[in-house]
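K.L.:
Compute the structure for the input listed below.
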Amino acid sequence: TTNKTEVERATQPLLVQARQKAQATFVARHNELRTESRDASMMASLWRERSETALGVGILGLFGVMLVSGIVAAIGAASDFAQNRSGYSWIAATLLTTACVAFLVIGSFVGLAMLTEKNNQFAAVRQNAAEDVLDMSVVRKGEAQSIPPPAPPPPGGAAVEMPRLAAPAGPRMPPMTGEASPIIAPPAQTIPAKVADSDAGLDQPASPYDTATRKIPGESARRRHANVAQRQAQTTAAAANRPALSAERSFKDVQREARTQIDPNSAPSFVVREYAHQNEVRPGGVRSDFTEVVYWHPVLVMPGGASTVEFHLSDALTSFRALAFVHSSDGRLGAAQMEFASRLPFSIDAKAPLELTAGDEMHLPIAVANDTDQHRQVKLQVDASGLKRLDDRSELTLNIDAEKRGRATWKFTPSLREGEARLRLSGSSDFHRDQIERPIRIVPAGFPVLGVQSGTESRLSAKIALPKEWTAGSLRVTAEVYPSILADIQTGLDGMLREPHGCFEQTSSSNYPNLLILQYLQQTGQARPDVARRALELLDRGYHRLLTFECPKASGGREGFEWFGGPVPHEALTAYGLMQFHDLTKVYDRVDAAMMDRTRKFLLAKRTGAGTFSRRHDYHRFGQASDAAYNAYLVWSLTESETDADLNKEVQWLTDQAQSNTDPYFLALVANCLLSRNHKADGAKLLDKLVSLQSADGYLNGRESIVGGYGRDLHIEATALSVLASLKAEKPQAYREPLKKAVAWLTRQRGNYGGFGSTQATILTLKALTQIAKDARKLTPGDAIVSVRGQPILRRSFSATSQDTLVIDLPDAEKLLQSGENEVRVELTGGNELPMKISWQYHTLQPPSADGCPIRLATRLDKSALGEGDTVRLTALIENVSGKSQGMAMAVIGLPAGLSLPEDLNQLKELAKPRTPLAGRDAPEPGVIDYFEIRGRELVLYWRGMDAGQRVEVPIDMIGRVPGNYQGPASRAYLYYGADRKCWTAPLAVKITSK
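P.N.:
Numbers count the residues shown, from 1 in each chain. This is a model prediction of the structure:
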């Protein structure tokens with residue numbers, strides 16, 4: 001201790017000297033910056049004054065010239081008239097004189113009006129600025145300001161719109177340090193969270209987000225909006241008849257106390273999203289709100305040094321963590337956190353899973369906490385819908401000592417085959433009562449079997465062949481009619497969102513339909529604010545997620561995109577992203593121009609100078625497409641995105657290759673490139689070649705695609721690309737019949753959930769259908785009639801203006817349909833021919849694995865029984881049995897309800913972490929898996945590609961959370977761009993015993 005004290009004494013002068021030196025450096029630099037800023041401001045003012053002087057001199061000179069011209073013309077006219085000269089020169093001179101006088105009079109009135117308007121606006125701004133200062137001085141003196149708040153916003157983080165307005169100066173913020181001790185607070189109450197700050201100079205302008213006063217949830221935005229709206233109303237009348245641009249110019253000359261005033265009426269509004277949770281109290285005090293994030297404010301400003309915010313907690317009895325990240329106006333950073341707990345003196349809780357399989361047996365543990373200082377007798381009651389109690393008792397009495405906990409167990413099994421069950425628990429003592437309610441989803445047991453029949457018809461029939469046995473209650477039959485292209489796009493989007501979509505291409509493709517919806521509404525002039533709002537919200541969310549896939553450069557910065565945002569950009573994926581970002585700019589004004597520029601430059605930098613593009617093979621095993629298809633895809637992206645670069649060499653190389661190439665996928669890409677570059681003759685030759693390759697059914701048998709698709713997905717991609725190319729032809733009507741056959745075939749490829757195969761195939765199809773059907777689909781009022789074996793069952797009407805999908809669920813399908821073949825028909829009246837779909841699904845105990853699936857999956861648990869809280873290891877074995885390299889592969893592992901993954905997911909993160917590069921390579925080696933995501937009870941594993949014969953073993957440790965006997969959903973593996981062929985494995989089963 002003595003040595004430590006001596007060291008501190010010895011170093012104290014050095015610390016003081018260092019602080020003084022740092023302070024002196026900061027002050028000197030601060031003064032230097034202020035001097036530079038003042039000099040720049042003076043120079044700008046000088047140039048502005050000179051320009052205005054020059055403008056004034058020019059205007060006066062013009063007036064002088066006009067005046068002199070008028071006088072000379074008047075004298076000449078008078079002279080001619082007095083001397084009786086022949087001709088009309090005196091008439092011309094008289095007209096010129098009159099025009100000059102009229103110009104001078106009108107110019108004088110206009111100048112006087114402009115000066116008057118400018119003076120009025122100048123006075124209004126000075127008055128508003130004075131009111132701002134007065135209002136802030138009142139706040140600083142502690143005088144109250146009473147502003148009635150508007151109605152509170154709805155829960156969910158509603159956006160608050162506020163015009164921009166400069167505010168008076170406020171104090172700076174020092175770093176926040178320290179950590180508060182936990183506190184105990186009751187749930188569903190208002191919890192004030194005080195944030196401390198600061199000292200700041202008056203020369204710093206404060207933000208308009210002044211939150212120095214206490215407010216109810218979300219009131220900060222409403223208070224600012226009310227203040228600004230009041231001032232806006234005062235200036236609206238004066239500004240109603242003037243151009244906004246002129247008003248902004250006049251206000252640029254107004255400066256007061258080193259801050260620029262902006263006309264509130266002409267400044268563009270902007271949105272700041274903040275969220276303060278509001279817990280709706282339910283009758284009887286039932287706790288059912290378990291929201292995790294209860295407060296969010298991205299721009300909380302504290303000019304007074306502190307601010308108080310208020311929000312509601314959820315019903316969860318747990319610990320909450322508050323985090324604050326701050327910065328001061330001089331660049332200092334700070335952060336702080338605190339924890340507080342939500343507790344009740346008496347409470348109950350249950351660890352119920354979110355989903356059960358029909359047939360599961362759940363031994364639900366119910367915990368009872370007595371946090372009082374007295375012994376309590378507690379009465380527990382259980383009520384459930386959709387669940388059957390396996391215990392004889394419906395209530396139970398527990399005796400719990402002071403500050404102790406108790407536990408009881410109830411056994412349930414689902415009484416539903418499919419649907420949502422609800423569990424309500426209540427506990428009461430002599431002084432308090434607590435109730436909770438939780439939903440539990442029930443899914444059928446076994447393997448899902450899906451079927452679909454689709455097409456554009458006036459009458460569509462489906463032959464549904466049912467096995468002798470299937471899981472009771474699992475049969476569903478649905479008919480859908482799409483009266484507009486808008487319905488087509490929305491259904492395609494829903495279909496893609498049902499499948500895992502964690503990589504860049506899948507995320508991009510699932511975002512594309514929102515873009516197509518906005519384009520369709522914009523081009524057709526339709527007013528669908530609800531649809532447009534939802535599409536724009538999803539588009540914004542998807543766009544920002546796409547930006548996270550941009551690859552980091554070793555030298556700093558970012559360029560290109562990759563499946564999961566890895567270190568090595570993928571050229572073809574980057575090309576696909578560039579096309580979407582370009583299309584986004586037509587309906588979305590927040591696309592980063594710098595990002596698009598560096599993406600375009602990245603692709604152009606791959607040119608070899610010989611008409612081709614270079615690419616890397618050492619990291620991306622995906623995409624075994626030939627160089628021809630690869631080059632065609634990149635040129636297609638650059639031409640579709642309207643790149644100004646010279647691509648003549650690349651286009652010529654593709655044209656030469658197309659002479660001998662017979663792959664429809666490649667030919668369709670090249671045709672699109674040529675027609676986009678206005679090479680109509682060469683493009684027409686390729687279109688003729690595509691027509692000769694078209695099958696009798698209307699599809700094109702592609703050989704390879706850039707995403708590695710095969711089978712039906714590859715046919716869809718090639719056919720959709722050929723449709724897009726045909727629509728660009730100089731004379732599209734020349735390809736009317738091939739187009740009609742191709743579109744008819746595409747509409748018959750709609751899947752069970754509304755998509756058209758893989759994400760890439762679905763997007764290309766939706767783009768083609770959107771282009772060809774913008775104005776072609778005409779509706780007349782009619783009915784959709786659903787019949788089973790010739791007997792009408794249901795009738796639904798639609799109008800001539802219907803836009804949304806007409807969904808018809810067949811009631812009592814298991815009673816109407818039987819084992820064997822069943823005919824279900826949908827017929828449209830009114831002479832309508834529309835895209836339709838009849839889909840059906842059921843569960844069976846036999847796996848429906850497709851023959852010839854290139855990927856094989858096996859799953860096993862190292863033990864079938866374990867205790868509550870114990871761990872069990874799941875091993876998944878994935879193998880490529882196709883004999884050749886494959887593109888993106890996926891495994892979807894179904895987890896039993898009683899098991900859960902560790903919350904930190906560290907094991908999966910380690911499995912997905914790239915490994916050290918091999919000798920001589922700069923790209924890292926892939927991990928055991930490339931990526932993972934969790935969707936409900938399913939763990940989704942991704943691989944960018946798999947080599948021929950490659951076997952991957954994935955160990956996954958899980959924890960037994962809820963006692964009982966459980967069976968998970970069936971697991972499957974497949975190629976993402978060949979999802980028609982799946983390998984299914986038996987569901988995992990486990991028994992968890994209670995401790």
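K.L.:
buried ones in stretch 669-688?
P.N.:
Residues of stretch 669-688 classed as buried: 669-677, 679, 682-687 (neighbour count, 16 or more other Cβ atoms under 10 Å). Placement of C-beta: from N, CA and C, glycine included.
K.L.:
now, which of these sits nearest Leu647?
P.N.:
When those are compared for distance to Leu647 (Cβ to Cβ), Arg677 wins out at 7.3 Å.
K.L.:
For that closest one, give its distance to Thr719.
P.N.:
Arg677 is 23 Å from Thr719, where distance means Cβ to Cβ, to the nearest Å.
K.L.:
sorry, back to before: from the buried residues of stretch 669-688, which land in helices?
P.N.:
Using DSSP state H, the members of those that fall within helices are 669-676, 682-687.
K.L.:
any chance of those residues in TSV, plus pLDDT and distance to Arg287?
P.N.:
What follows is these, written out as TSV (pLDDT from 0 to 100; distance: Cβ to Cβ, whole Å):
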residue	pLDDT	distance to Arg287
Leu669	95	58
Val670	95	63
Ala671	95	62
Asn672	94	58
Cys673	94	61
Leu674	94	65
Leu675	93	62
Ser676	91	59
Asp682	92	70
Gly683	92	66
Ala684	93	69
Lys685	93	71
Leu686	94	66
Leu687	94	65
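K.L.:
just curious, which of the residues you listed is nearest to Leu866?
P.N.:
Compare each of these with Leu866 using Cβ to Cβ and the shortest gap goes to Leu669, at 54.3 Å.
K.L.:
If we ignore the residues flanking it in sequence, what's nearest the closest one?
P.N.:
Nearest-residue entry for Leu669: Ala632, 3.9 Å, with adjacent residues in sequence omitted and distances by Cβ to Cβ, 6 or more residues apart in numbering.
K.L.:
Endpoint to endpoint, stretch 889-900 covers what distance?
P.N.:
Start-to-end span of stretch 889-900 (Cα to Cα, to the nearest Å) is 24 Å.
K.L.:
Buried residues of the one helix or strand Gln652 maps to, list them for me.
P.N.:
Taking DSSP states H and E as the criterion, the element that holds Gln652 is helix 648-658. Applying a neighbour-count criterion of 16+ other Cβ under 10 Å, the buried positions in helix 648-658 are Glu650, Val651, Trp653, Leu654, Thr655, Gln657, Ala658.
K.L.:
cool, and stretch 329-347?
P.N.:
Taking 16+ other Cβ under 10 Å as the neighbour-count basis, stretch 329-347 is seen to contain the buried residues Ser329, Gly334, Ala336, Met338, Phe340, Ser342, Arg343, Pro345, Phe346, Ser347.
K.L.:
didn't Ser797 look like it was pressed against Asp783?
P.N.:
Yes. With contacts defined as Cβ atoms under 8 Å, Ser797 counts as touching Asp783 at a distance of 5.2 Å.
K.L.:
Look at stretch 876-895 and report the distance between its end residues.
P.N.:
Taking Cα to Cα, the span from the opening residue of stretch 876-895 to its closing residue is 12 Å.
K.L.:
pLDDT of it, averaged?
P.N.:
The predicted model gives stretch 876-895 an average pLDDT of 91.
K.L.:
Tell me the gap between that stretch and the middle of its chain.
P.N.:
Centroid separation between stretch 876-895 and its chain, computed with Cα atoms, centre = their mean, to the nearest Å, is 29 Å.
K.L.:
That one: which residues count as buried?
P.N.:
Judged by neighbour count (16+ other Cβ under 10 Å), stretch 876-895 contains these buried residues: 876-880, 882, 885-895.
K.L.:
What about those, which are in strands?
P.N.:
If you go by DSSP state E, the buried residues of stretch 876-895 have Ala876, Leu877, Ile878, Glu879, Asn880, Ala889, Met890, Ala891, Val892, Ile893, Gly894 in strands.
K.L.:
Quick check: the farthest pair among the residues you listed?
P.N.:
Spatially, the most separated pair among these is Asn880 and Gly894, at 21.6 Å (Cβ to Cβ).
K.L.:
Would you mind pulling the contact partners of stretch 679-699?
P.N.:
Contacts of stretch 679-699 with the rest of the structure, by Cβ atoms under 8 Å, 6 or more residues apart in numbering, involve 651, 655, 658, 662, 664, 667-668, 670-671, 674-675, 700-701, 715-716, 718-719, 722, 725-726, 728-730, 735, 738, 741-746.
K.L.:
Cool, thanks, talk later.
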